[in-house]
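Chemist: What shape does this take:
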Amino acid sequence: MSKIENIRTILLSAEYGDEKHPEILECFPNGPKRTIGLVEVTLENGVKGYGEGYLGVFAPQVFKSIVELCAPYLIGKDGFDILRRYKDLCSVCDYWSLQGAARHTTSAIETALVDAKSKTQKCPAYKLFGNSLKENIEVYGSGGICDTKEHFIEELELLKTLGIKKYKIRAVPSDINRTAWVLKEAKKYDVEVGIDMCQNLADPPINANDVIEYVNFVKNITKEKILFLEEAVGPMDIKGFKKLKETLNIDICGGEVITTPLEMIERINLDIYNFVQPDASVIGGMHAVKEVFEYAKTKKITPVVHAWGGPVAIMANYHVAFGCNGNLVEFPMIPYKLEPIMFGDQRVIKNGNLLRPEISGIGITMNDKIEKDFLFDKKAVYSCVVVDRGQPSDDYWKE
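Modeler: Numbering: from 1, shown residues only. This is a model prediction of the structure:
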């Protein structure tokens, strides 16, 4: 047992992508800088643990306020009894945020407790989630937010240097020739392509018939198969996901916005996905992801962690994947200045596989210098009001 002595929020802002990157043009109105929201938990034994909530990318000051609300309910309590502390957080927040923003905060605090406990026990965090049978897990490159052929080729070359053979791009139904071009180009690199259709932010989202028509148009241009479709319809369109799974010979996946294990499990029971994508910085923490992993496997549904947050969120997801013997993890490809500093030597990809991290905790470097060098910039937030970036017409991709 070691009591919780202090809980505080750390907001960090750092360079992300570049000013001409399509995601920056769409979603970062104040330029190529991104904020992450961290929680630092200090135990009475002096050990500090770190967690991240994805909310910090979108609403950092809301994240900070919820952490400050929750902290007094945890101070002085046993930091090693993580599931009990999780229940405490649910008691504080669930009445007014059973699903949504507070779950991101719960995620961050729970992960920080996992980090602190595993550091105290001098073991990597994955050991708290099971006896990992794997020394490495296959990686898929997550990028494809590209407006030019040259940019796609640059990302494919990066995958080549890392030996990665799976690549996720972003596309919508109007991107028929663009999708076909990428599928053909990726084939030259012996890379399979999955597609994130980004319907989490669409208003209104497309429907299943639009997706089916898009896939058929692409098939008329190229024989190369689409590996998977992610978030291909709106997150509430259960019937749409079901129709896609029953109609297309393509893996259908989703779940990155789901904020409780119960909702993810209900969707698994509805048989709408081929694989699910829980995120430890969204769904309530690392134990919540473990719960989804364990249930999904009883239904022969593959769990694949979503990992598009900052370095702390990414490593938390990786550790659960190792602890639960996952088969695939996401590798975000847009450069973020904090990543090499905070990862150190703990995120190593060789021959297309992530090597199992082995230092104590979740393997993140955090210190006063990082806080000083990457001060919070209140303008550095992701805007969910997506703007038209003026991308090329789909005719640009015709051969």
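Chemist: so where do the helices sit in the stretch 51-200 of the chain?
Modeler: Along the stretch 51-200 of the chain, counting by DSSP state H, counting those that start in this stretch, helices occupy 55-58, 60-70, 82-97, 101-120, 149-162, 176-188.
Chemist: Would you convert those helices into JSON lines that also reports mean neighbour count?
Modeler: For glycine as for every other residue, the C-beta is placed from the backbone atoms N, C-alpha and C. What follows is the helices of the stretch 51-200 of the chain, written out as JSON lines (neighbours: other Cβ atoms under 10 Å):
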{"stretch": "helix 55-58", "mean neighbour count": "25"}
{"stretch": "helix 60-70", "mean neighbour count": "20"}
{"stretch": "helix 82-97", "mean neighbour count": "16"}
{"stretch": "helix 101-120", "mean neighbour count": "28"}
{"stretch": "helix 149-162", "mean neighbour count": "16"}
{"stretch": "helix 176-188", "mean neighbour count": "20"}
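Chemist: Report the contact partners of V92.
Modeler: Residues in contact with V92 (Cβ atoms under 8 Å, 6 or more residues apart in numbering) are L69, C70, Y73.
Chemist: and this structure, what are its domains?
Modeler: The chain breaks down into these domains under automatic domain parsing: 4-124, 126-363.
Chemist: For those domains, give me JSON lines that also has mean pLDDT and distance to E371.
Modeler: Converted to JSON lines, these look like this (pLDDT from 0 to 100; distance: least, Cβ to Cβ, whole Å):
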{"stretch": "domain 4-124", "mean pLDDT": "98", "distance to E371": "6"}
{"stretch": "domain 126-363", "mean pLDDT": "97", "distance to E371": "11"}
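Chemist: Helices of the stretch 201-350 of the chain, start to end?
Modeler: Going by DSSP H, counting those that start in this stretch, the stretch 201-350 of the chain shows helices at 208-221, 238-247, 261-269, 286-298, 311-323, 338-343.
Chemist: so which of the ones you listed is the most packed in?
Modeler: Mean neighbours per residue, mean count of other Cβ atoms under 10 Å, is largest over those for helix 311-323, with a mean of 29.
Chemist: CA atoms of that one as CSV?
Modeler: Taking C-alpha atoms only, helix 311-323 is exported to CSV below (Å, rounded to 0.1, in the frame of the first residue of the first chain):
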residue,chain,number,x,y,z
PRO,A,311,3.4,9.8,-26.1
VAL,A,312,1.9,8.8,-22.7
ALA,A,313,-1.4,7.7,-24.2
ILE,A,314,0.4,5.7,-26.9
MET,A,315,2.7,3.9,-24.4
ALA,A,316,-0.3,3.1,-22.1
ASN,A,317,-2.1,1.4,-25.1
TYR,A,318,1.0,-0.4,-26.1
HIS,A,319,1.5,-1.9,-22.6
VAL,A,320,-2.0,-3.2,-22.5
ALA,A,321,-1.6,-4.7,-25.9
PHE,A,322,1.5,-6.6,-24.7
GLY,A,323,-0.1,-7.6,-21.4
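Chemist: helices and strands around it, which ones?
Modeler: Secondary-structure packing of helix 311-323 (3 or more Cβ pairs under 8 Å, 6 or more residues apart in numbering; DSSP states H and E): strand 33-43, strand 48-53, helix 101-120, strand 136-142, helix 286-298, strand 328-332, helix 338-343.
Chemist: Could you dump the ones you listed into JSON lines and include distance to N249?
Modeler: As requested, the helices and strands packed on helix 311-323 are arranged in JSON lines below (distance: least, Cβ to Cβ, whole Å):
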{"stretch": "strand 33-43", "distance to N249": "37"}
{"stretch": "strand 48-53", "distance to N249": "37"}
{"stretch": "helix 101-120", "distance to N249": "34"}
{"stretch": "strand 136-142", "distance to N249": "19"}
{"stretch": "helix 286-298", "distance to N249": "21"}
{"stretch": "strand 328-332", "distance to N249": "19"}
{"stretch": "helix 338-343", "distance to N249": "36"}
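Chemist: Of these, which is nearest Q277?
Modeler: For those, the distance to Q277 is smallest for strand 328-332, at 8.2 Å, taking Cβ to Cβ.
Chemist: I'd like to check the angle between the closest one and helix 149-162, please.
Modeler: Between strand 328-332 and helix 149-162, the angle comes out at 130 degrees (axes from the mean of the first three to the mean of the last three Cα atoms, to 10 degrees).
Chemist: Which elements pack onto strand 328-332?
Modeler: When contacts are defined as 3+ Cβ pairs under 8 Å, 6+ apart, strand 328-332 packs onto strand 136-142, helix 311-323.
Chemist: would JSON lines of those with distance to S2 be doable?
Modeler: Shown next, in JSON lines, are these (distance: least, Cβ to Cβ, whole Å):
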{"stretch": "strand 136-142", "distance to S2": "31"}
{"stretch": "helix 311-323", "distance to S2": "20"}
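Chemist: So which of the ones you listed is nearest K127?
Modeler: Closest among those, using Cβ to Cβ: helix 311-323, at 7.0 Å.
Chemist: Now find how far off-centre that closest one is within its chain.
Modeler: Chain-centre distance of helix 311-323: 10 Å, with Cα atoms, centre = their mean, to the nearest Å.
Chemist: just stretch 314-326 next, same as before
Modeler: 12 Å.
Chemist: ok, now stretch 38-49?
Modeler: Counting by Cα atoms, centre = their mean, stretch 38-49 is centred 24 Å from the centre of its parent chain.
Chemist: Pull the residues that contact it.
Modeler: Stretch 38-49 is contacted from outside by 2-12, 50-53, 56, 67, 79, 105, 108-109, 111-117, 119-120, 310, 312, 361, 366, using Cβ under 8 Å, 6+ apart.
Chemist: Any buried residues in it, and which?
Modeler: L38, V39, E40, V41, T42, L43, V47, K48, G49 (16 or more other Cβ atoms under 10 Å).
Chemist: Just the closest of those to R347, please.
Modeler: For those, the nearest to R347 is L38 (17.0 Å; Cβ to Cβ).
Chemist: So what sits opposite that closest one in the bridge?
Modeler: Taking DSSP bridges as the rule, L38 bridges to I10, E52.
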